[in-house]
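Peer 1: based on what follows, work out the 3D shape:
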Amino acid sequence: MEKNIILKREHLIPKVILDIANKYKVSVIRDIKNCGKNYGASAGMDIFLGDFDDPEIELIAFFHELGHALSNKLVCKRGFTMCKLSGEGLAWELGLGIAFEYGYQWDYNSYPMQWARKQLKTYIK
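Peer 2: You can find the predicted model right below:
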């Protein structure tokens, strides 16, 4: 039998994330059951965010997932990328570009950018 999951106040999606997602007609769902700690995911125009320890990491992860959600619509119109690494890089670049448009910019050596590059490196085999 599956247990009900009760979301606490700290599990609510920050308003800034919801406002940006609404502009792009993307839904954002807190999924603490299926997303690992400090991770997000996307499927089509739906973004899923796990539980995050750091609001800056959550924000940069959101923009990455937004990059995934919008990549086929805005850049890769054929529906696929050359390879997984290419798709992940595209999502990072597109997401960070959108973040910049909203006034968010992380220094190359900042903790959020180090975290982002660490995530990208997991696709190098």
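Peer 1: drop to CA atoms for contacts and neighbour counts, all remaining ones
Peer 2: Will do.
Peer 1: I'd like to know which elements the helix ranked longest in the chain is packed against.
Peer 2: Longest helix of the chain, by residue count under DSSP state H: helix 55-74. Applying 3 or more Cα pairs under 8 Å, 6 or more residues apart in numbering; DSSP states H and E, one finds that helix 55-74 contacts helix 15-23, strand 40-43, strand 46-49, helix 84-101, helix 111-121.
Peer 1: list the buried residues of that helix.
Peer 2: Burial within helix 55-74, assessed by neighbour count using 16 or more other Cα atoms under 10 Å, is assigned to 57-72.
Peer 1: neighbours of Ala116, how many?
Peer 2: 16 (other Cα atoms under 10 Å).
Peer 1: I meant to write Glu101 there.
Peer 2: Per other Cα under 10 Å, the neighbour tally for Glu101 reads 10.
Peer 1: now it: how far from Ile57?
Peer 2: 18 Å (Cα to Cα, to the nearest Å).
Peer 1: try Tyr102
Peer 2: Applying Cα to Cα, the value for Tyr102 to Ile57 is 16 Å.
Peer 1: now Met113
Peer 2: Distance from Met113 to Ile57, by Cα to Cα: 9 Å.
Peer 1: kindly report the same for Lys33.
Peer 2: To Ile57, Lys33 is 19 Å away according to Cα to Cα.
Peer 1: cool, Tyr123 as well?
Peer 2: 19 Å.
Peer 1: likewise for Leu85?
Peer 2: Going from Leu85 to Ile57 by Cα to Cα gives 21 Å.
Peer 1: what of Tyr104?
Peer 2: In terms of Cα to Cα, Tyr104 sits 12 Å off from Ile57.
Peer 1: cool, His64 as well?
Peer 2: Taking Cα to Cα, one finds His64 at 11 Å from Ile57.
Peer 1: how far off centre is stretch 38-48?
Peer 2: In this view, stretch 38-48 has its centroid 6 Å away from the chain centroid, taken as Cα atoms, centre = their mean, to the nearest Å.
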